[in-house]
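> need coordinates for the below:
(one chain, ligands or ions: 2)
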Amino acid sequence: MLKWYDQQVIYQIYPKSFQDTNQDGIGDLRGVIQRIPYLKQLGVTTIWLNPIYVSPQVDNGYDVSNYYAIDQSLGTMADVEALIAALHANGMFLLLDFVMNHTSDQHPWFQDAVAHPQGLYRDYYLWADAPAKQLPNNWGSFFGGSVWEPDPGATDQYYFHLFDRHMPDLNWKNPEVRHSMLEIAKFWVDKGIDGLRLDAFIHIDKADFHQNVPNQSTEPTIAEEFYAHLPHVQPYLSKFCGALRELKPDIFILGEAASASPELLIDYSRPENNQCNAVITFRSLVDREDQLDPQLPAEFQPKGLDVEGMKRQLTTIQTKLAGVSLPVLYWSNHDMARVATRYASPQYHQRSLKCLATMLYLQRGIPIIYYGEELGLENLQFSDLTSFNDWTVQPFYDRALAVGYSSAEALAMLNQTHKMAARGPMQWDAKQPNTGFSPATPWLHGTTKIADVASEQADSQSLLHFYQRLLRLKQTALFTQGNEIIQATPAGIFRFTRQLDQTAATVTCNLSNQPVTVMTDTTTEVQLLEGSVSHSGQQTTYQPWTLTVTQN
Ligand code: NOJ
Ligand code: CA
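Ligands and ions are numbered 1, 2, ... in the order given. Have a look, this model is predicted:
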């Protein structure tokens, strides 16, 4: 039987950047409520909010100090209750981000753990002895440096943090931790939310700390083999998700598994395993690596889309998940550059965005649209390093200058690739101050090209109107339930068929700056066409960044 979550279109909202209603320059929950009609018209059915709990905002809400209350910069518990009611009244659904791998160092559990080394809460976190002030091992944090930080209580121990040092990891081996985290999730399910996005769940089990990455480097090294996808992750997850399903059988659990291979996607989403319903992997996006400068870290170098690589990867994912779960389809999120900056063709900007959206979202799976993507919103351009408010930028910048880049070039690379540049304010109306986001200066600001709702609503050829048409098509039975075959096609062309009972459709996109000729497809009625095609015998030539969707 089809469930509500099998036919949803998710819209990801970074709450601080969507709509401010109390003139403090920070987006808020009231702003989300205000924009429900816009989202409904767009064709969105479900909203995923990045974390809204009380937080010192070291990592914009992923550092939680109280899971049972709303950060006062975003609103109140009454606001979230009003949001849930308003969404449900519109036949829509709400997913909250659930930060389960770590807390803030300001969380009372961690404060107690530091104040009372013999106390109950010490074992809520991960500690290692380091008597000679030597790091316990050489494992690296995702946010740079070591995963280890000295106990602020000045014992001979260090605590473990996979992300920022102000975000200590929880000890999921401790049954009290598992119980406490489940209680929090139950509280929110009881409030009436429809599902959770599980943040960084793949890291909740860690290897024995008495081992090092076998290398000669003196720098801490990213060591996923010791802290990602370890054997207890799945049992912990099954228990957690199973208990939530007892409370709410149709809860939708969306796992974030950044480094999951297609094989692991099966494990984490196979219904028999009672874990996630669907899983986000960062490995579905494939970048070109052929033009990288070896003198610089790859992370902040612009790369471009590897169309052939992505075709192979999506073919693998679609094949492995057929009959198992729905793949998650997305181009952007708050942890990466915006698609309009990362992959759009400078020559065919708008058409390329239409092609990219069509190629991905009409596939079998659940689309997640990152706020503003439907407008073609680009990364912010910051004019200095401090605006990024992220300490990863300085080392890259220094290195780039040391190997001969100008400061403008180094800054441009960061603006094009950095996650902070992708978190800019939503653009509602170019005629209003700060494009209608807020009359006050936005919490994060830089310059960016105007792509605003008001102008795109007035233009029937706009990307916004195209997204509306595309999402309407996506919600037909063929595109939510049909099976999928990705075809072998000439380089640059992405073509797949969807089929359900007696209906079938073919989606063909030329994702390149050159015309490409392919065999004419056998379906007939044109549902969507952008760009231009010409026929000759059995062959059809697609002009650069042209798409067709045909159906019989
Ligand atoms: C993944 C989130 O998407 C990211 O923004 C955050 O920094 C880490 N998890 C830590 O919570
Ligand atoms: Ca506000």
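> ok, the residue of the stretch 101-250 of the chain found nearest ligand 2 - contacts?
Using CB to the ion, Ser104 is the residue of the stretch 101-250 of the chain that sits closest to ligand 2, at 21.2 Å. From N, CA and C alone the C-beta is placed, and that goes for glycine too. By CB atoms under 8 Å, 6 or more residues apart in numbering, the contact list for Ser104 reads 55-56, 58, 63-65, 110, 166-167.
> now, which of these lie close to ligand 1?
Taking CB under 6 Å from any ligand atom as the test, ligand 1 is in contact with none of these.
> how much space between the residue in the stretch 401-550 of the chain that ligand 2 sits nearest to and Asp28?
Nearest residue of the stretch 401-550 of the chain to ligand 2, counting by CB to the ion: Ser438, 7.0 Å away. For Ser438, the distance to Asp28 equals 10 Å [CB to CB, to the nearest Å].
> count of neighbours near the single nearest residue of the stretch 251-400 of the chain relative to ligand 1?
Across the stretch 251-400 of the chain, the shortest distance to ligand 1 (CB to the nearest ligand atom) belongs to Asp335, at 4.8 Å. Per other CB atoms under 10 Å, the neighbour tally for Asp335 reads 11.
> what pLDDT is listed against Thr524?
In this model, Thr524 is scored at 84, pLDDT.
> what about it, neighbour count?
So Thr524, with other CB under 10 Å, has 9 neighbours.
> would you enumerate the residues in contact with it?
550-552.
> show me where the stretch 301-450 of the chain has its strands.
Remark: strands assigned in the stretch 301-450 of the chain by DSSP state E, counting those that start in this stretch are 328-330, 366-370.
> any idea how far stretch 222-232 is from the middle of the chain?
Taking CA atoms, centre = their mean, to the nearest Å, the mean C-alpha location of stretch 222-232 is offset from the chain mean by 21 Å.
> do stretch 473-482 as well
That offset, for stretch 473-482, works out to 23 Å (CA atoms, centre = their mean).
> ok, stretch 509-516 next?
Taking CA atoms, centre = their mean, the mean C-alpha location of stretch 509-516 is offset from the chain mean by 27 Å.
> how about that stretch: buried residues?
Across stretch 509-516, burial judged by 16 or more other CB atoms under 10 Å covers 509-512, 515-516.
> again with stretch 78-97
79-80, 82-84, 87, 92-97.
> ditto for stretch 292-299
Leu296.
> same thing with stretch 103-116?
For stretch 103-116, a neighbour-count test (16+ other CB under 10 Å) marks 103-107, 109-111, 113-114 as buried.
> do stretch 61-75 as well
For stretch 61-75, a neighbour-count test (16+ other CB under 10 Å) marks 61-65, 67, 70-71, 73-75 as buried.
> that older thread, can you redo the strands of the stretch 301-450 of the chain as CSV with distance to Ser259 and mean pLDDT?
Below are these laid out as CSV (distance: least, CB to CB, whole Å; pLDDT from 0 to 100):
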stretch, distance to Ser259, mean pLDDT
strand 328-330, 15, 98
strand 366-370, 18, 98
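> can you select the buried ones from the contacts of Thr524 in ChimeraX?
Of the contacts of Thr524, the buried ones can be selected in ChimeraX as follows, counting by 16+ other CB under 10 Å:
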select :550,551
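> got TSV for the contacts of Thr524, with distance to Ile366 and pLDDT too?
What follows is the contacts of Thr524, written out as TSV (distance: CB to CB, whole Å; pLDDT from 0 to 100):
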residue	distance to Ile366	pLDDT
Thr550	24	97
Gln551	21	93
Asn552	25	83
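> what is the longest helix of this protein by residue count?
The helix spanning the most residues in the chain, taking DSSP state H as the definition, is helix 175-191.
> tell me the SS of Phe496?
Here Phe496 is recorded as strand under DSSP: H, G, I helix; E, B strand; the rest coil.
> partner residues bridging it?
Ile486, Val507 (DSSP bridges).
> pull the number of nearby residues for it.
Number of residues near Phe496 (other CB under 10 Å) recorded here: 22.
> show me the contacts for Thr540.
The contact partners of Thr540, taken as CB under 8 Å, 6+ apart, are 517-521, 533-534.
> again with Pro302
Applying CB under 8 Å, 6+ apart, the residues near Pro302 are 342, 413, 416-417.
> 10 Å - rerun?
The neighbours of Pro302, taking CB atoms under 10 Å, 6 or more residues apart in numbering as the test, are 287-288, 291-292, 337, 341-342, 412-413, 415-417.
> just the buried residues from these, in PyMOL please.
To isolate the buried members of the contacts of Pro302 in PyMOL, using 16+ other CB under 10 Å:
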select buried, resi 287+337+341+342+413+415+416+417
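> farthest pair within the contacts of Pro302?
Greatest spatial distance in these: Arg288 and Asn415, 19.2 Å, computed using CB to CB.
> Lys474 against Ile10, yeah?
No: using CB atoms under 10 Å, Lys474 is not in contact with Ile10, being 11.6 Å away.
> what is in contact with those two at once?
Common contact partners of Lys474 and Ile10 (CB under 10 Å, 6+ apart): 329, 366-367.
> against Asp59, how distant is the residue of the stretch 251-400 of the chain closest to ligand 1?
Counting by CB to CB, the gap from Asp335 to Asp59 is 11 Å.
> do the same with Phe143
Using CB to CB, one gets 8 Å for the distance from Phe143 to Asp59.
> intersection of neighbour lists for these two?
The contact sets of Phe143 and Asp59 overlap at 163-164, 166-167, 390 (CB under 10 Å, 6+ apart).
> okay if I get these as CSV plus neighbour count?
As requested, those are arranged in CSV below (neighbours: other CB atoms under 10 Å):
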residue, neighbour count
Phe163, 22
Asp164, 21
His166, 19
Met167, 25
Asp390, 17
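> closest to ligand 1 out of those residues?
Comparing the shared contacts of Phe143 and Asp59 against ligand 1 with CB to the nearest ligand atom places Phe163 closest, at 4.5 Å.
> around ligand 1, pick out the residues from the stretch 51-200 of the chain.
The stretch 51-200 of the chain comes close to ligand 1 at residues 59, 62, 99, 163, 199-200, as judged by CB under 6 Å from any ligand atom.
> which members of those are positioned in strands?
Within these, residues falling in strands by DSSP state E are 99, 199.
> between the residues of the stretch 51-200 of the chain next to ligand 1, which is closest to ligand 1?
Once CB to the nearest ligand atom is applied, the member of these that ends up nearest ligand 1 is Tyr62, at 3.4 Å.
> tell me the domain boundaries of this structure?
Domains of the chain are assigned by automatic domain parsing as 4-105+171-472, 483-551.
> what's the local residue count around the residue lying closest to Leu170 once chain neighbours are set aside?
Leaving aside its sequence neighbours, Leu170 sits nearest to Val177 (CB to CB, 6 or more residues apart in numbering; 5.2 Å). Using other CB under 10 Å, Val177 has 20 neighbouring residues.
> just confirm Phe143 is within a helix.
No: looking at Phe143 with three-state DSSP, it is coil, so not inside a helix.
> wait, it touches Arg165, no?
Yes: the pair Phe143 and Arg165 qualifies as a contact (CB under 10 Å) at a distance of 8.0 Å.
> overlap in contacts, those two.
Between them, Phe143 and Arg165 share the contacting residues Val58, judged by CB under 10 Å, 6+ apart.
> which among the residues of the stretch 51-200 of the chain next to ligand 1 gets closest to Gly482?
Gly482 has its nearest neighbour among these in Asp199, at 31.5 Å by CB to CB.
> can you name the residues that contact the nearest residue to the closest one once chain neighbours are set aside?
Of all residues not flanking Asp199 in the chain, Val99 sits nearest, at 4.7 Å (CB to CB, 6+ apart). Applying CB under 10 Å, 6+ apart, one finds that Val99 lies in contact with 50-51, 53, 55, 59, 61-64, 67, 163, 167, 170, 181, 184, 197-201.
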